[in-house]
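Enquirer: heads up, no residue letters with this:
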């Protein structure tokens with residue numbers, strides 16, 4: 001079978017690429033594209049089965065590669081012999097099948113012939129490249145395989161007690177950390193090795209507390225000894241930066257997406273634009289203005305999430321409320337979609353938290369939202385915030401559980417008490433609940449949720465009031 005080919009390479013390589021295609025068996029060059037615009041037009045017109053691209057083609061980015069694939073083109077990359085920089089750049093753009101410019105005719109035919117999956121050799125090379133980078137970043141940025149929290153804190157996080165293995169975990173079986181890094185009688189937490197979790201925090205319209213849950217959940221996971229990246233992907237009202245008193249003039253998520261789109265996002269660059277808000281907790285701040293949502297392209301943002309999962313053991317993503325997908329825009333692969341970051345994160349998630357507010361309106365929106373969420377996950381973990389008797393009646397936990405069981409078929413609900421003074425003080429100080437109000441019932445509920453997600457039991461130390469300690473000393477004296 002003859003494979004038709006179109007090329008999108010620089011002028012310096014165009015003639016030699018054409019010569020190589022003539023020598024390769026079962027390949028026929030049908031069009032030479034001088035620029036990205038012509039390449040995309042030819043791909044959309046389906047004039048060829050395969051597109052060959054070069055790393056030095058001006059304007060070539062991850063979005064272009066994704067658009068070619070969406071048009072039905074098999075995409076392969078050509079690089080100069082021995083040029084590792086070009087190979088790395090093409091792989092960062094999402095091009096998996098590569099061929100050297102001086103490769104044998106059979107190598108060209110193999111690389112440019114569409115197949116259902118990437119060859120084992122190509123997959124192995126890509127995996128080896130990522131593994132080398134992971135090791136380097138672990139040593140240089142995260143302080144070795146145990147992550148930064150141990151190096152920075154020198155001991156267990158304040159307010160947390162021993163953790164023990166649990167039954168349910170989104171992280172997989174954990175492996176214990178060296179006990180030498182801990183002091184005192186508190187046992188070390190256990191860090192997972194075999195899977196990187198992506199936890200997406202979603203909720204319907206009406207400010208049910210998505211960001212509050214995302215920020216404090218990420219902080220609690222970091223305090224349990226895991227390295228965490230918190231991503232603010234809300235294109236309607238990003239506010240993670242405000243919660244943590246971080247500057248948002250240069251939003252990290254936009255910078256990371258631009259780098260991913262250009263094929264330049266690697267772990268050192270990602271670590272550079274995701275500052276540490278606390279030991280073990282890095283943050284990619286969100287868009288400061290909602291009208292900048294067009295900067296977040298779906299395919300590039302998906303690459304950002306992939307790199308976040310390589311950088312940290314747990315990635316927590318705060319997404320917007322809207323799940324609608326414009327049917328008209330779905331046929332135009334180049335048109336940006338405002339909810340693409342939300343839907344992309346939900347599709348990649350290993351765990352989805354559906355957050356609703358504990359009042360009649362909030363619960364109604366949650367029930368309807370859970371129905372829409374079924375297209376992304378059938379088993380979201382439901383979290384109800386602002387729980388108080390004044391809004392739903394006596395025994396609020398029981399009433400909420402009964403309502404959700406009856407109307408949404410949800411039988412496992414996490415409830416977070418409405419502790420407005422603690423939440424206000426944390427927001428005012430730009431700190432997490434664990435820092436501003438460690439004894440808060442809301443903090444306790446979120447810390448326990450973090451333990452459930454990690455598959456460990458969390459026991460928080462209770463603070464004894466100063467007056468009680470003085471009375472105890474007087475009695476013993």
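Expert: Sure thing, it's come through. Just so it is clear, the structure is predicted and the values come from calculations on it, not from any experiment. Numbers count the residues shown, from 1 in each chain.
Enquirer: for the nearest residue to residue 436 once chain neighbours are set aside, what are its contacts?
Expert: Of all residues not flanking residue 436 in the chain, residue 426 sits nearest, at 3.9 Å (CB to CB, 6 or more residues apart in numbering). Quick note: C-beta positions are derived from backbone N, CA and C, even for glycine. With contact set as CB atoms under 8 Å, 6 or more residues apart in numbering, residue 426 has these partners: 243, 432-433, 435-437.
Enquirer: Which one of the residues you listed is nearest to residue 44?
Expert: Within these, the smallest distance to residue 44 is 42.7 Å, found for residue 243 (CB to CB).
Enquirer: mind checking pLDDT for that closest one?
Expert: Per-residue confidence at residue 243 stands at 96 (pLDDT).
Enquirer: Repeat that for the one 10 residues further on.
Expert: The predicted local distance difference test score for residue 253 is 97.
Enquirer: same question, the one 3 residues further on
Expert: In this prediction, residue 256 carries a pLDDT score of 96.
Enquirer: element containing it?
Expert: helix 252-261 (DSSP states H and E).
Enquirer: chain center to the helix or strand following that helix: distance?
Expert: Proceeding N to C from helix 252-261, the next assigned helix or strand is helix 267-273, under DSSP H and E. Relative to the mean C-alpha coordinate of its chain, helix 267-273 is positioned 14 Å out (CA atoms, centre = their mean, to the nearest Å).
Enquirer: One more: stretch 14-30?
Expert: Relative to its parent chain, stretch 14-30 has a centroid offset of 40 Å by CA atoms, centre = their mean.
Enquirer: Check the separation of the first and last residues in that stretch.
Expert: For stretch 14-30, the first-to-last residue distance is 13 Å (CA to CA, to the nearest Å).
Enquirer: Let's check: the centremost residue of this structure is which one?
Expert: The central residue of the chain, meaning the one whose C-alpha is nearest the mean C-alpha position (CA atoms, centre = their mean), is residue 305 at 3.5 Å.
Enquirer: my read: that one touches residue 200, true?
Expert: No. With contacts defined as CB atoms under 8 Å, residue 305 does not count as touching residue 200, sitting 9.5 Å away.
Enquirer: which residues do these two both contact?
Expert: Listed contacts common to residue 305 and residue 200 are 317, 345; contacts here mean CB under 8 Å, 6+ apart.
Enquirer: Strands along the stretch 201-350 of the chain, start to end?
Expert: When secondary structure is read from DSSP state E, counting those that start in this stretch, the stretch 201-350 of the chain shows strands at 228-233, 276-278, 281-284, 314-319.
Enquirer: sorry, back to before: the residue nearest to the centre of the chain: what's it in contact with?
Expert: 198, 231, 315, 317, 344-345, 348.
Enquirer: Export those residues as CSV, with columns for distance to residue 45, pLDDT and neighbour count.
Expert: As requested, the contacts of residue 305 are arranged in CSV below (distance: CB to CB, whole Å; pLDDT from 0 to 100; neighbours: other CB atoms under 10 Å):
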residue, distance to residue 45, pLDDT, neighbour count
198, 37, 98, 23
231, 37, 98, 30
315, 38, 98, 30
317, 37, 98, 31
344, 27, 95, 25
345, 33, 97, 27
348, 31, 95, 16
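Enquirer: List just the nearest of those to residue 387.
Expert: residue 317 (24.1 Å).
Enquirer: tally of neighbours for residue 371?
Expert: Taking other CB atoms under 10 Å as the neighbour definition, residue 371 ends up with a count of 9.
Enquirer: How about it, nearest residue that isn't a chain neighbour?
Expert: The shortest distance from residue 371 to any residue that is not its chain neighbour, by CB to CB, 6+ apart, is 7.7 Å, and that residue is residue 408.
Enquirer: Could you check how far the one you found is from residue 276?
Expert: Here the distance between residue 408 and residue 276 works out to 38 Å (CB to CB, to the nearest Å).
Enquirer: domain ranges for this structure?
Expert: The chain is divided into the following domains under automatic domain parsing: 3-118, 144-460.
Enquirer: Relative to the whole chain's centre, how far out is the last one?
Expert: Domain 144-460 sits 10 Å away from the centroid of its parent chain (CA atoms, centre = their mean).
Enquirer: re earlier: go through the domains of the chain and find the least confident stretch.
Expert: domain 144-460 (a mean of 84).
Enquirer: Now for the closest residue to residue 346 other than its chain neighbours: which residues touch it?
Expert: Nearest in space to residue 346, with sequence neighbours left out and distances taken as CB to CB, 6+ apart, is residue 376 at 4.0 Å. If a contact means CB under 8 Å, 6+ apart, then residue 376 has 323, 343, 346-347, 349, 352 as its contacts.
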